[in-house]
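S.K.: Provide a 3D model corresponding to the input given below.
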Amino acid sequence: MFFPQFRARRIRGSETFRRMVRETTLSVNDLIYPMFSAFGTEPRKEISSMPGIYQQSIPDIVEEAREVFALGIPAVLLFGIPEAKDAVGSDAYSDTGIIQETIRALKKGVPGLAVITDVCMCEYTDHGHCGIIKDGDVDNDATLELLAKEALSHVKAGADMVAPSDMMDGRVAAIRETLDENGYDAIPIMSYAVKYASGYYGPFREAADSTPQFGDRRSYQMDSGNRLEALREAASDIEEGADIIMVKPGLPYLDILRDLRNEYNMPLAVYNVSGEYSMVKAAAQKGWIDEERVVMETMVGFKRAGADIIITYHAKDVARWLKQ
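M.R.: From the prediction side, this is the model:
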């Protein structure tokens, strides 16, 4: 069809018709809200690089979770800041660890909210890396045992889903086997299947107090130039038992998100990470962009690229804007 017989503006000129033919839609059911839990009774601490996001005590976490649930957001993703760290991240798998205690409080205080836990060691180790250090690098196989132990402790405390983010080879299989052996075969795993080594994680490392004390994470997180490797990583995690696969970060890797959607008939998540959030917040505070419009355009972009689930610090605002 060609102009003048075909005029695309006939449809675009009506808000009603635009809604009727919209190809990609966004729902509050697509959202997961990340939260940072810490022991203590001190007032919640705003993360300087992430306006509106806080390190919070367990009572404050429960209070905000009630708000999250009231907005219709179906799930939260928990990260913990322990009171003490050591070389083997003991608090990560302690029965009385920060995440374990937070899970119990949330399941009691907001029982209808799904609780997903990040499974990694970086928040809990004194060196800030995602596993056991041997000869200056993370020992992959030694770390698997602790990751599985961590995931099991979360589920025993009441977690509805676990999300391994460490990027160790074989960790999904190790966690799946451990959960199944202990009678938790119905608990799903959302794998950070495709996680790139990225500069966009900077604000998160302030939020989770997880900056590596030496080196970086390039030996276990993916190189930003690699596309085909993403397909191999996703295939491996699916074969090992992942129920949902994830791409992280989001905006710089929309092509990867689309590749995975085209390749696999699996639930697909994307993590709209801290750096992406912080850039939008900073520009909005300067008056350089319309925050609501940019955020909603970004969310729709994730959906259009193929995401079923969006993990985002904007979740509460998005939920409110969707109700307007």
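S.K.: contacts only, for the closest residue in space to Gly306 that isn't next to it in sequence.
M.R.: Excluding its sequence neighbours, the residue lying closest to Gly306 (CB to CB, 6 or more residues apart in numbering) is Arg261, at 2.8 Å. The C-beta positions use only the backbone N, C-alpha and C, and glycine is treated the same way. Contacts for Arg261 (CB atoms under 8 Å, 6 or more residues apart in numbering) come out as 268, 305-307.
S.K.: rerun at 10 Å
M.R.: The contact partners of Arg261, by CB atoms under 10 Å, 6 or more residues apart in numbering, come to 247, 268, 305-308.
S.K.: same deal with Ala283?
M.R.: Counting by CB under 10 Å, 6+ apart, Ala283 makes contact with 289-291, 294.
S.K.: report the buried members of these.
M.R.: Using 16 or more other CB atoms under 10 Å as the burial test, the contacts of Ala283 include 291, 294 as buried.
S.K.: tell me the confidence at Glu206?
M.R.: Per-residue pLDDT puts Glu206 at 82.
S.K.: that one sits in which helix or strand?
M.R.: Per DSSP states H and E: Glu206 is located in helix 202-207.
S.K.: ok, now Ile116?
M.R.: Taking DSSP H and E as the definition, one finds Ile116 inside strand 114-119.
S.K.: which strands and helices sit next to the helix holding Glu206?
M.R.: Packing partners of helix 202-207 (3 or more CB pairs under 10 Å, 6 or more residues apart in numbering; DSSP states H and E): strand 31-38, strand 54-56, strand 75-81, helix 274-285.
S.K.: again, 7 Å this time
M.R.: With contacts taken as 3 or more CB pairs under 7 Å, 6 or more residues apart in numbering; DSSP states H and E, helix 202-207 sits against helix 274-285.
S.K.: which residues outside stretch 5-18 are in contact with it?
M.R.: Contact with stretch 5-18 is made by Val21, as judged by CB atoms under 7 Å, 6 or more residues apart in numbering.
S.K.: and that stretch, end to end?
M.R.: End-to-end span of stretch 5-18 (CA to CA, to the nearest Å): 20 Å.
S.K.: quick one: buried residues of the one helix or strand Met190 maps to?
M.R.: Using DSSP H and E, Met190 falls within strand 190-195. Buried residues in strand 190-195, counting neighbours by 16+ other CB under 10 Å, are found at 190-195.
S.K.: try stretch 219-234
M.R.: By 16+ other CB under 10 Å, the buried positions in stretch 219-234 come out as 220-222, 230-231, 233-234.
S.K.: circling back: okay, buried residues for the strand holding Ile116 please.
M.R.: Of the residues in strand 114-119, 114-119 count as buried by neighbour count, 16+ other CB under 10 Å.
S.K.: tell me which residues are up against whichever helix or strand comes after that strand.
M.R.: Proceeding N to C from strand 114-119, the next assigned helix or strand is strand 133-134, under DSSP H and E. Strand 133-134 is contacted by residues 87, 127, 142 when judged by CB under 7 Å, 6+ apart.
S.K.: need those in TSV with neighbour count and distance to Glu206, can you?
M.R.: Below are the contacts of strand 133-134 laid out as TSV (neighbours: other CB atoms under 10 Å; distance: CB to CB, whole Å):
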residue	neighbour count	distance to Glu206
Ala87	11	22
His127	19	17
Ala142	14	28
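S.K.: please identify which of the contacts of Arg261 is nearest to Ile256.
M.R.: Nearest to Ile256 among the contacts of Arg261: Val247, at 5.4 Å, using CB to CB.
S.K.: so the closest one, which of the three states?
M.R.: Classification of Val247 by DSSP: H, G, I helix; E, B strand; the rest coil places it in strand.
S.K.: surely it and Ile256 touch.
M.R.: Yes - look at Val247 against Ile256 with CB atoms under 7 Å: they come within range, at 5.4 Å.
S.K.: shared neighbours, those two?
M.R.: Val194.
S.K.: neighbour count: those two, which is higher?
M.R.: The neighbour count for Val247 versus Ile256, taken as other CB atoms under 10 Å, is higher for Val247 (29 against 25).
S.K.: residues contacting the more buried one?
M.R.: For Val247, the contacting residues are 194, 253, 256-257, 260, 270, by CB under 7 Å, 6+ apart.
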